[in-house]
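Visitor: Give me the fold of what follows.
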Amino acid sequence: MANWCSNSVAFEGNETAIEQVKLEFRKMQILENKENCGQLPEFVSDKKRGYFFDILLEDGDCIFNYQTRWSPNTEILLQIAEHYKVDFIYNYEEIGNQIYGVAVYSNNELTEIYLEEEDFEQYDYHEETDTYSFEEENYESDYEILEILLKRKIKKIQSQILV
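Guide: Numbering: from 1, shown residues only. Okay, the predicted model is just below:
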């Protein structure tokens, strides 16, 4: 049984390209419902992994939420972006395997920032109270802590770029 990685990707580009991306995802969504299995765009060369499951399109923008098995499928999103000449912002998480990050593809350049094992070791879970402690504060969920840690990494990298 696979651990499920939760994914959210927002594509950006000209209106025609965005409509083509939406059509591609709708086609995968229809096939997934019909065939009851994960999907990939037809033009993807490596069919071994990275399948999209439970694809949902948010109303309005070109934002998709979906599941993948075990890990993010950044490589597949790169192929989609290159095929349709679009950019994207991609958030992913699979806490059971300590996977939490963001990838930004813009101007044909991928920047990926993710938490590492030492980041996950910065907070503790307290089974007796079902809470998490981080920097002398208590949290009901670890998601808020993970977001704080990821934002700090992003800020650190941005400050290094500006120097």
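
Visitor: Please identify which helix or strand holds Leu23.
Guide: Secondary-structure element containing Leu23, defined by DSSP states H and E: helix 15-35.

Visitor: cool, Val9 as well?
Guide: With DSSP H and E as the test, Val9 turns up in strand 4-12.

Visitor: in its sheet, what does that strand sit against?
Guide: strand 63-69 (antiparallel), strand 87-94 (antiparallel) (DSSP bridges).

Visitor: Determine the angle, from 0 to 180 degrees, between that strand and helix 15-35.
Guide: Here the directions of strand 4-12 and helix 15-35 differ by 150 degrees (axes from the mean of the first three to the mean of the last three C-alpha atoms, to 10 degrees).

Visitor: about what we covered before: the strands paired with strand 4-12 into CSV, with extra columns for distance to Lys34, mean pLDDT and mean neighbour count?
Guide: All C-beta spots, glycine's among them, are computed from the backbone N, C-alpha and C. Formatted as CSV, those follow (distance: least, C-beta to C-beta, whole Å; pLDDT from 0 to 100; neighbours: other C-beta atoms under 10 Å):
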stretch, distance to Lys34, mean pLDDT, mean neighbour count
strand 63-69, 16, 96, 19
strand 87-94, 26, 98, 20
